[in-house]
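Enquirer: sharing a model that was predicted from the sequence below.
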Amino acid sequence: MSSPAAAHAPPPKTSPASSPGTNADPGSLDAAARLTVVPARHPWRWVATAVVAVLTAMAVNALVTNPAWDWPTVGQYLFAPSILRAVGLTLRLTVLGIVLGFVLGTLLALMRLSHNPLLRGVSWTYIWIFRSVPLILQLLFWFNLALLYRAITFGIPFGPEFFAVGTMDLISPLTAAVLGLALHQAAYAAEVVRSGFLSVDPGQLEAAAALGIPRLRQFRRILLPQAMRTILPTAGNELIGLVKGTSVVYIMALSELFYQVQVIYTRNGRVIPLLLVAAIWYLALTTVMSIAQFYVERHYGRGASRVLPPTPIQRLRASISAASAGLGRGRSEE
Amino acid sequence: MTAPTAASTAPMVELRGVHKAFGVLEVLRGIDLTVRAGEVTVLLGPSGSGKSTLLRTINHLEKVDRGFVRVDGDLIGYRRAGDRLHELSERHILRQRSHIGFVFQNFNLFGHLTVLENVVEAPLSAQRRDRAQTVRHARELLDRVGLADKADEYPRRLSGGQQQRVAIARALALRPKLLLFDEPTSALDPELVGEVLDVMRDLARSGTTMVVVTHEIGFAREVADTVVFLDQGRIVERGTPAQVLDNPRETRTRAFLSKVLP
């Protein structure tokens, strides 16, 4: 099948003697065009493949055959109502934490980029403090806020008060957990969002300004969608970090996933299988989020690259149709 | 070249005593310039002469330090009360800009929007025009710049020349009184320059008021009504292309032209 191509090869322009580097018989470039390409062999790749295959088999074997993993107990608790409720709370904490965190974080990022030195300073200080103090410590502060301020009053700053609420009534453990997670997350989100804003070519906003597009619209329609391309991969990281990070609130005796499995295993002593239950759920939540992230990133990638990367389903379909086409061709050639 | 008509005697752009400094660097040092409606003015000058800054003061992308800019009789960026100039709010400035088209050297098309979305964005959001009518107008403009079939493409899939033609259509979509071009062909491969200049030539013929910063002397000679030569923040020489390009009076103009003319 290569012979017709060789027939179309252009005649050599240089004289054969003046073309160095060709080992082939000089004067027969036409013959050289007919040579077959033999791919290089990679014996070490085969060795590495064999080693990894054996190690994988050993790992699977260790997981399945050791009775101490106690898979039946894992199965028994995986969908237990108390575990499902705990997963629900973990999800709620994650969603509230990430949404409030990114709303506040966007505000902080805008403050940080503003021309007003006070706003810049406040934003910088906030990020400095909330990134510096460990999350677990911050959570305990919120949990014990009543020790600091007995009541929270609403009124005119430094002026008359309208009403007061006892801190204990206002800040339940759940509120304290959400506050702690969201405020901590906001400090990180601010930097993620700021990096996104900085990644957009200033010419984009200049063009928007030259066209007279209103300020808010410039932000929503021009800046934010393009910043999202930089924000999303890191934000995905933050989201996944927070799913697992919610396990810290077990110190406030909130029955999220990690606290719940601890409660169960202190009762029945089956530590390993219950830790495994928690691990499986964290894995499942993270997987769903990673898949969602892929599609959201793809959405904001429009126009950025010349062709969008195929989705896994599209890739699967393409390889199936390629394989069947290859099979069909093979048969017809026989 | 456009024939001077009765309408073209009214000044569209007036700059009086415009000064602008970036820190200690004085970029514009007292610019007086008048552009009449329907005229094409080409700004020439060595790099660093202040021609781009001058162009950007016309739609207030650069604030002037002294002097004033008027477009179609309206002060740009300021409101006059007695002998004081009050800076306008950003909202007013944006509204003023939406009547002045600006074409950038680097196109600055919105990469995440399709060609059509790029063109309709400002008429819809800045001028609150009717959507169906705006889309129809946008398609006409794309047809006019020869890109009717690219309406649903993303800018990055187009060549530089095509992108700049989209940028021109985007500026025209605002139905501007005035079009400003900041070195519109400088970022293009040589073989793509012609297609952009063709569109600009066509605009000039239809009587659009244009101020163009460019190094394309051939374009200036053919299309400009007035050529203005700047150096070190001052206008050195101005006149018809025949005067400035073929019979320059000033030595600095002659020195510059001897470098850029083949």
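Expert: Everything's here; your move.
Enquirer: could I have the CA atoms of stretch B:112-132 written out in PDB?
Expert: Output in PDB follows, covering the C-alpha atoms of stretch B:112-132 (Å, rounded to 0.1, in the frame of the first residue of the first chain):
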ATOM      1  CA  HIS B 112     -14.900  32.900  25.200                       C
ATOM      2  CA  LEU B 113     -17.700  34.500  23.100                       C
ATOM      3  CA  THR B 114     -18.400  33.600  19.500                       C
ATOM      4  CA  VAL B 115     -17.900  36.100  16.700                       C
ATOM      5  CA  LEU B 116     -21.600  37.100  16.700                       C
ATOM      6  CA  GLU B 117     -21.700  37.300  20.500                       C
ATOM      7  CA  ASN B 118     -18.600  39.600  20.400                       C
ATOM      8  CA  VAL B 119     -20.400  41.900  17.900                       C
ATOM      9  CA  VAL B 120     -23.800  42.100  19.700                       C
ATOM     10  CA  GLU B 121     -22.500  42.400  23.300                       C
ATOM     11  CA  ALA B 122     -22.000  46.200  23.500                       C
ATOM     12  CA  PRO B 123     -25.100  47.300  21.600                       C
ATOM     13  CA  LEU B 124     -27.200  45.100  23.800                       C
ATOM     14  CA  SER B 125     -25.600  45.900  27.200                       C
ATOM     15  CA  ALA B 126     -24.200  49.400  26.700                       C
ATOM     16  CA  GLN B 127     -26.900  50.800  24.400                       C
ATOM     17  CA  ARG B 128     -29.800  48.500  25.400                       C
ATOM     18  CA  ARG B 129     -30.900  47.900  21.800                       C
ATOM     19  CA  ASP B 130     -33.400  45.400  20.600                       C
ATOM     20  CA  ARG B 131     -31.900  42.000  20.400                       C
ATOM     21  CA  ALA B 132     -33.400  40.700  17.100                       C
END
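Enquirer: how about the helices in the stretch 1-150 of chain A?
Expert: Secondary structure of the stretch 1-150 of chain A, counting by DSSP state H, counting those that start in this stretch: helices at A:3-8, A:29-33, A:43-65, A:71-78, A:81-112, A:117-132, A:135-143, A:145-148.
Enquirer: out of those helices, which is the most enclosed?
Expert: Using mean count of other Cβ atoms under 10 Å in any protein chain shown, the stretch among those with the largest mean neighbour count is helix A:81-112, at a mean of 19. The way it works is simple: take the backbone N, C-alpha and C, and place the C-beta from them, glycine included.
Enquirer: could the helices of the stretch 1-150 of chain A go into TSV alongside mean pLDDT and distance to B:Glu250?
Expert: What follows is the helices of the stretch 1-150 of chain A, written out as TSV (pLDDT from 0 to 100; distance: least, Cβ to Cβ, whole Å):
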stretch	mean pLDDT	distance to B:Glu250
helix A:3-8	44	61
helix A:29-33	76	62
helix A:43-65	93	72
helix A:71-78	92	87
helix A:81-112	95	50
helix A:117-132	96	47
helix A:135-143	91	70
helix A:145-148	81	76
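Enquirer: which single residue of the stretch 151-300 of chain A ends up nearest chain B?
Expert: In the stretch 151-300 of chain A, the residue that lies nearest chain B is A:Gly212 (2.9 Å; Cβ to the nearest Cβ).
Enquirer: enumerate the residues of chain A near chain B.
Expert: By the rule Cβ under 8 Å from any Cβ of the partner chain, the part of chain A lying against chain B is A:201, A:203-204, A:206-215, A:217, A:221-222, A:225-226, A:300, A:302-306.
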